[in-house]
Structure formats: structure tokens, C-alpha cells
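J.: predicted model, plus sequence, below.
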Amino acid sequence: MKKKKRSFAIMGAAIVILIIAVGLVYFIGRMNSKKPPRVQEIDVSDGYDDKEDGRSSTEEAENMIKLAQYYIGKEEFDLARNQLENVLIKDPVNKLALSLLENVIRKRKELEKKEEEREDEKLDRVVSTLKDSLPRQKEIIKETTKETTVTDKPSNFDDEIKARNKKAEKFFTEGMKDYESADYAGAIKNFEKTLDLNTDNPLAYSMLGASYYADDSTSRNNIKKAIDSSKKALSLDSTLSLPHYTLAQVYDQQDLISSAMSEYKKALELDPNNGMAYYKLGVIQYLRRNYREAQVSFTKASEILVDFPQAYYNLGLTAQKLGKTRIATSAYARAIEVKPDYTKAIINLGLLYYENNFFDLVFTSGVLIHLAPDDINGALKEIYRSSKRYIYGYEYFAEKYTEIVYRGKKRALWKTNFTQLYLKTFNDLKIVKEKKYTYQSNKNLIDISFLLEKKQEIVY
């Protein structure tokens with residue numbers, strides 16, 4: 001009987017082992033027969049990099065497009081174009097961005113055309129009122145010509161011409177001295193004397209026009225004479241730059257913006273070293289929201305007018321509009337270097353430093369605990385953005401968000417593991433040091449001190 005029982009036991013064990021083996025084989029077979037789960041492969045090589053704040057590339061592009069649409073509504077076409085081009089650099093086939101960019105270019109051209117048409121009408125009205133005396137001047141010239149017409153050339157004619165030219169030269173030199181010393185009334189007298197002796201001197205007409213404008217740019221008579229003299233100079237010599245510059249200033253003052261821009265550009269084609277023309281052109285471009293063109297103009301102006309702080313300041317403003325913070329920082333710093341008491345530049349530079357991660361370390365102590373969980377991410381992003389390298393904190397600690405009644409008030413204090421909250425929010429932070437402090441009076445109360453560092457890129 002004992003032998004039979006032993007045999008049954010052995011057989012039972014064998015059957016159990018066999019069943020287990022069959023089950024394992026079946027299970028493994030089922031596992032192998034299953035297809036591996038599908039993994040969605042996303043090509044991010046041409047897309048936006050995921051940001052530290054957790055936003056996806058698609059969300060980033062959508063936000064930039066929304067911002068561009070807002071700028072379009074405000075007719076800030078340069079800013080809109082900047083946003084759309086940033087999207088298209090990363091995603092060249094983005095249909096919405098392409099469509100909006102075409103719309104921006106079209107609307108910009110339509111706006112410029114309307115402005116030019118309005119200014120052409122205004123220019124006709126202004127110039128016609130300022131040229132009332134021009135026909136009379138022509139009549140006087142004709143009458144004078146009739147009276148002085150001679151049939152025979154005097155024997156000393158050449159000597160008289162030389163003497164007149166020499167005298168005219170002297171008056172012109174005196175006029176230049178007056179102009180350079182800002183004695184514009186004296187300059188006008190000497191240039192007019194020059195033209196009495198030499199009626200075809202384009203340089204004298206050019207300087208006379210500039211002198212009239214500089215003497216009193218608000219006088220109707222001076223403006224008329226500045227226009228007439230400058231146009232006369234160009235009729236005698238179209239290669240002169242100064243008459244174009246004078247006309248540009250007149251049109252600029254009369255709010256004939258398109259005409260002013262055209263004259264500034266003509267002046268600069270003939271004299272690329274006119275820094276003030278670049279500066280004034282830049283001002284117009286900035287006011288018309290042509291920020292890219294304005295940046296070029298202010299850059300040129302600052303390169304030529306190296307001691308002119310306003311050129312650097314306006315370059316800084318324009319660069320900020322375009323989001324070029326490094327250029328803006330450098331421009332404001334240079335403006336302050338030239339003019340140490342330049343308050344506006346100092347303020348803007350200070351704000352720019354704050355906005356662009358120039359603090360080596362940003363710290364909080366008992367601050368984050370008073371921010372609601374819904375608001376904490378915004379604060380962390382500001383701290384992260386402001387820090388160039390280190391973030392330090394000393395806050396109440398809990399393993400998970402816990403609300404504490406603070407001085408009898410609810411929704412006034414929360415504690416959590418702020419170290420881990422930072423690390424989850426920003427993937428390039430690492431812990432340098434972390435320490436917890438337990439209260440002797442209450443072992444359940446814990447503070448946490450932490451020092452985090454942004455991972456530094458190694459440049460080889």
C-alpha cells in the first residue's frame with residue numbers, strides 16, 4: 001500500500017509539473033505572438049524644441065500665430081511679420097502662417113500706397129503755396145537779361161569775369177564760416193551776395209537753402225526759400241546731396257512723410273556719410289513701425305555719429321521691438337557711456353538686464369508658500385527666466401501640496417516639495433545642495449533649503 005501511495009504521489013507531482021510547463025509554454029507563445037505596441041515617431045528635427053515650461057512645439061507655433069494676428073489687427077505689420085517668419089523658419093509648410101504672411105505683405109503695401117496718395121495731395125497744396133514768388137523771379141530774370149543784353153563784348157570782359165568770380169568766392173567762403181558757426185543770418189547774406197555775382201553757382205544755392213531752413217524752420221518765408229534754393233541747386237547739379245537733405249527736413253516737418261523718406265534716401269545715396277540723415281530716416285521708419293528698416297538706419301547713424309547718444313538709444317528701442325535683446329543691451333550701454341546721465345537709457349537697460357537672465361542667483365525665502373498651486377508655475381518661470389545660473393530657496397516642506405490655515409485665513413499658505421516642483425518644470429536644472437530642517441517643537445514641521453543650478457553648455 002505504501003508503494004502504491006508513493007507511486008500515486010510521484011505521478012501527481014509529475015502531472016502538476018507537466019501542467020505548469022504546458023502553461024508556461026502557452027503563455028510565452030502568447031506573449032511572442034502579440035505584436036509590439038505601436039510607437040508614434042515624431043520628427044522634431046525641423047520643429048520647435050519643447051520649452052522648459054512644458055509647452056509643445058505646436059502650442060508654441062499657435063501662440064506665435066495668435067500674437068501675429070493681434071499685431072495685424074493693430075497694423076503692427078513688422079512685429080506680425082517677425083512672429084510669422086519665426087514660425088516659418090521652423091515649419092516652412094505651415095499654411096496658416098504662409099497665408100497670414102501674404103496678408104501682412106499685401107496690407108503693408110496697401111497702407112503705404114494710401115499714405116503716399118494722401119501725401120502727394122498734401123505736398124501739392126503745401127508746395128503750391130510756398131512757390132508763389134517763383135514766377136515773379138523768372139520775370140525779373142528775363143527783364144534783367146533784356147536790359148543787360150549787349151552786342152559787343154568789352155575788351156576787359158574776361159578780367160571782369162575773373163574779378164566777379166573771385167569776389168563771389170570770397171563771399172561764399174565767408175558764408176561757409178558763418179554757417180559752421182551757426183550764424184545763419186550772416187550766411188544767408190553772404191550766399192545771396194555770392195549768387196548776385198554768380199547766378200549759376202549750385203553750391204551757393206545748396207548752402208542758401210540749408211541756411212534758410214536752419215535760420216528759422218518755422219517761418220513760412222524761410223521754408224519757401226529753402227525749397228526754391230534747394231530745387232535750383234539740383235537743377236544746376238543733380239549730384240549734390242545737401243539739397244535733398246534740406247528738402248527732406250522741410251517735408252518731414254510738414255508731415256509729408258513719404259516725400260521726406262524719399263529725399264533722405266536720395267541724400268544718402270549721394271552722401272553715405274550723412275549720419276543725421278540716417279538718424280532722421282530711422283525716426284520716421286520707427287514711427288511708421290518699419291522696425292527692421294529703422295534698425296538699419298539707427299545702426300548706420302550710430303556708426304557715423306559715434307558721440308550722439310540718441311542714435312544708440314533709438315537703436316536700443318528698435319532692437320527691443322524686434323526682440324533682439326543683445327543688440328538693445330549693447331546700444332543702451334553705449335548711450336550711457338556717451339552720456340552718463342541719460343536717464344531713459346539707464347532705466348531701459350536696467351529693465352532689460354532683469355528681463356534677460358542677468359542675475360547670477362535668484363532666491364526666495366517664505367515666498368513660494370504664499371502662492372496658490374494654480375499660480376505657482378508662473379512664479380517659477382519668472383524666477384527661472386531671471387536667473388543666469390543659480391536658484392536658491394528656503395520654504396516650508398511637505399511631500400505633496402498641503403494647504404495650511406495662515407493667521408486664520410484659508411488659501412493663504414501652501415507647502416510642498418518645491419525642489420521637485422522646479423525639477424519637474426525645468427529639465428535643465430540640477431540639485432547642487434538640499435537640506436531639510438525639522439522643528440524641535442514639532443517634528444511634523446519641516447523646512448527645506450535647496451540650491452539649484454542651470455546645466456551649463458560646454459563649448460569645445
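T.: All right, it came through fine. Numbering: from 1, shown residues only.
J.: element containing residue 110, please.
T.: helix 95-130 (DSSP states H and E).
J.: which residues touch residue 436?
T.: 397, 446-449 (CB atoms under 8 Å, 6 or more residues apart in numbering). Using the backbone N, CA and C atoms, a C-beta is placed for each residue, glycine as well.
J.: now do the strands in the protein.
T.: For the chain, the strands defined by DSSP state E cover 359-365, 387-396, 402-403, 414-415, 429-438, 446-454.
J.: next, count neighbours for residue 346.
T.: The number of residues packed near residue 346 is 16, by other CB atoms under 10 Å.
J.: what pLDDT, on average, does stretch 180-192 get?
T.: When pLDDT is averaged over stretch 180-192, the result is 94.
J.: with stretch 113-129 instead?
T.: On average, stretch 113-129 scores 63.
J.: next: stretch 371-381.
T.: 89.
J.: about what we covered before: neighbour-wise, give me the winner out of the contacts of residue 436.
T.: residue 397 (21 neighbours).
J.: what's that residue sitting at in phi/psi?
T.: phi -120, psi 140 (degrees, to the nearest 10).
J.: find the nearest non-adjacent residue to it, please.
T.: Leaving aside its chain neighbours, residue 397 sits nearest to residue 448 (3.8 Å; criterion: CB to CB, 6 or more residues apart in numbering).
J.: can you pull the pLDDT of residue 3?
T.: On the pLDDT scale, residue 3 gets 48.
J.: gap between the closest residue to residue 165 other than its chain neighbours and residue 215?
T.: Leaving aside its chain neighbours, residue 165 sits nearest to residue 198 (6.3 Å; criterion: CB to CB, 6+ apart). Remark: distance between residue 198 and residue 215 (CB to CB, to the nearest Å) = 22 Å.
J.: residue 430 too?
T.: From residue 430 to residue 215 the distance is 68 Å (CB to CB).
J.: low pLDDT regions in the protein?
T.: For the chain, the stretches flagged by pLDDT under 70 are 1-57, 116-157, 355-358, 457-460.
J.: find the centremost residue of it, please.
T.: residue 322 (2.4 Å; CA atoms, centre = their mean).
J.: quick check: closest non-adjacent residue to it.
T.: Nearest to residue 322 is residue 291, by CB to CB, 6+ apart, at 5.3 Å.
J.: ok, residue 384 next?
T.: For residue 384, the spatially nearest residue (CB to CB, 6+ apart) is residue 426, at 5.6 Å.
J.: now that neighbour, what are its backbone angles?
T.: phi -130, psi 120.
J.: what do you get for residue 256?
T.: Given degrees, to the nearest 10, the pair of backbone angles that residue 256 has is phi -90, psi 70.
J.: next one: stretch 422-431 to chain centre, how far?
T.: 31 Å (CA atoms, centre = their mean, to the nearest Å).
J.: mind listing what's buried in it?
T.: By neighbour count on 16 or more other CB atoms under 10 Å, the buried set for stretch 422-431 is 422-423, 425-426, 429.
J.: how about the helices of the stretch 151-300 of the chain, start to end?
T.: 157-180, 184-197, 202-215, 220-236, 242-253, 257-270, 275-287, 291-304 (DSSP state H, counting those that start in this stretch).
J.: just send these back as TSV, with mean neighbour count and distance to residue 403 too.
T.: Below are the helices of the stretch 151-300 of the chain laid out as TSV (neighbours: other CB atoms under 10 Å; distance: least, CB to CB, whole Å):
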stretch	mean neighbour count	distance to residue 403
helix 157-180	14	76
helix 184-197	19	75
helix 202-215	24	71
helix 220-236	20	72
helix 242-253	24	62
helix 257-270	20	59
helix 275-287	21	50
helix 291-304	21	47
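J.: want to throw the ones you listed into JSON lines with distance to residue 341?
T.: Compiled in JSON lines, these are given as follows (distance: least, CB to CB, whole Å):
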{"stretch": "helix 157-180", "distance to residue 341": "28"}
{"stretch": "helix 184-197", "distance to residue 341": "30"}
{"stretch": "helix 202-215", "distance to residue 341": "28"}
{"stretch": "helix 220-236", "distance to residue 341": "34"}
{"stretch": "helix 242-253", "distance to residue 341": "28"}
{"stretch": "helix 257-270", "distance to residue 341": "30"}
{"stretch": "helix 275-287", "distance to residue 341": "21"}
{"stretch": "helix 291-304", "distance to residue 341": "19"}
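J.: which one of those lies closest to residue 109?
T.: helix 257-270 (13.1 Å; CB to CB).
J.: relative to helix 220-236, how tilted is that closest one?
T.: If you take axes from the mean of the first three to the mean of the last three CA atoms, to 10 degrees, helix 257-270 sits at 40 degrees to helix 220-236.
J.: just name whatever secondary elements helix 257-270 is in contact with.
T.: Helix 257-270 is packed against helix 95-130, helix 242-253, helix 275-287, with contacts defined by 3 or more CB pairs under 8 Å, 6 or more residues apart in numbering; DSSP states H and E.
J.: on that earlier part again, would you agree the residue nearest to residue 384 is in contact with residue 385?
T.: No. Applying CB atoms under 8 Å as the test, residue 426 and residue 385 come out as separate, 10.2 Å apart.
J.: neighbours of the closest residue to residue 346 other than its chain neighbours, how many?
T.: Distances taken as CB to CB, 6+ apart put residue 336 closest to residue 346, at 5.9 Å, once the chain neighbours are dropped. When neighbours are defined as other CB under 10 Å, residue 336 has 20 of them.
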